[in-house]
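>>> Sequence first, then the predicted structure, then my questions.
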Amino acid sequence: MTRRFLLLALFVACTADPLPQPPAFDSSRVMLIEDADGTELRGSPGAVREFSGSLRVSVPEMSANAVGDVAGDGSFSVSVDGAMRDQLHYVELIERTDDVFVGAVVGDEGTSVVLGDPGPDGDRDGSPDAIDCAPSDETLRGQRCTFDGCNGLDDDGDGFVDEDCGTCRSAADCSPAEACVDGLCSATCVNDADCGAGQRCVAGSCTL
């Protein structure tokens, strides 16, 4: 009976759906080209794997960055104005609610690149201090310090518009007629009559 159970467990384990793989960045498939305007970081097919979205290249030494799309085959091309090949280029994959740092590269022989030292990560959130908008706050990394509210604009420059709309960190993230309650913008009120159908006025905010 025990042997049959073990065989069944082994069969289930072998046929279960595999866990999703994290995004991967292959610097051996990347070129760094410099011209009079700056640099172009170009990835050939397979340079980025298990990811679909945008990619940000930052050169802190020049206080410059640029964003481009990652194609379905993992290739990309991002140009950074004013940058040079001997400067570190930090690469982040931009997800809807997060920026994922995948490596820092610098020019090598010809147009090839090598991985460089990205420097310290003081809050250990995976985003080096050089490109971390909040280097002492582990809850914020990359360029996620800018709140992308309900204004029809891409406030944080990540390629998504208003992805934080409806959520909040403080009342400043909401409209004048709203308050920030448990991370959500809620209409302010004096009594239940000020709220919508099915809502009640609790502590000055409309809640379900």
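Sure, I can see it.
>>> Let me know how buried Leu88 is, in neighbour terms.
21 (other Cβ atoms under 10 Å). The C-beta positions use only the backbone N, C-alpha and C, and glycine is treated the same way.
>>> Angles on the backbone of Lys97, please.
To be clear, residue 97 is Thr; Lys isn't right here. Backbone torsions of Thr97, given as degrees, to the nearest 10, read phi -120, psi 10.
>>> And it, how far from Asp123?
Distance, Thr97 to Asp123, by Cβ to Cβ, to the nearest Å: 18 Å.
>>> which one of these two has more residues nearby?
Asp123 (17 against 12).
>>> Now the longest strand seen in the chain: buried residues?
In the chain, with assignment by DSSP state E, the single longest strand is strand 99-107. By neighbour count on 16 or more other Cβ atoms under 10 Å, the buried set for strand 99-107 is 99-107.
>>> Over to stretch 84-99?
Buried residues in stretch 84-99 (16+ other Cβ under 10 Å): 84-85, 87-95, 99.
>>> what does stretch 179-188 give?
For stretch 179-188, by 16+ other Cβ under 10 Å, it's 179-181, 185-188.
>>> Reformat those residues as JSON lines; add secondary structure and distance to Val114.
Listed next are the buried residues of stretch 179-188 as JSON lines, based on DSSP: H, G, I helix; E, B strand; the rest coil; distance: Cβ to Cβ, whole Å:
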{"residue": "Ala179", "secondary structure": "strand", "distance to Val114": "51"}
{"residue": "Cys180", "secondary structure": "strand", "distance to Val114": "46"}
{"residue": "Val181", "secondary structure": "strand", "distance to Val114": "50"}
{"residue": "Cys185", "secondary structure": "strand", "distance to Val114": "46"}
{"residue": "Ser186", "secondary structure": "strand", "distance to Val114": "51"}
{"residue": "Ala187", "secondary structure": "strand", "distance to Val114": "54"}
{"residue": "Thr188", "secondary structure": "strand", "distance to Val114": "55"}
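>>> For Asp35, grab the count of nearby residues.
The tally of other residues near Asp35 (other Cβ under 10 Å) stands at 8.
>>> Could you measure from it over to Met84?
In terms of Cβ to Cβ, Asp35 sits 10 Å off from Met84.
>>> Would you confirm that Asp125 contacts Arg141?
Yes. Using Cβ atoms under 8 Å, Asp125 is in contact with Arg141, at 4.4 Å.
>>> For this protein, give me the ranges with low pLDDT.
For the chain, residues meeting the criterion pLDDT under 70 lie at 1-22, 146-151, 153-173.
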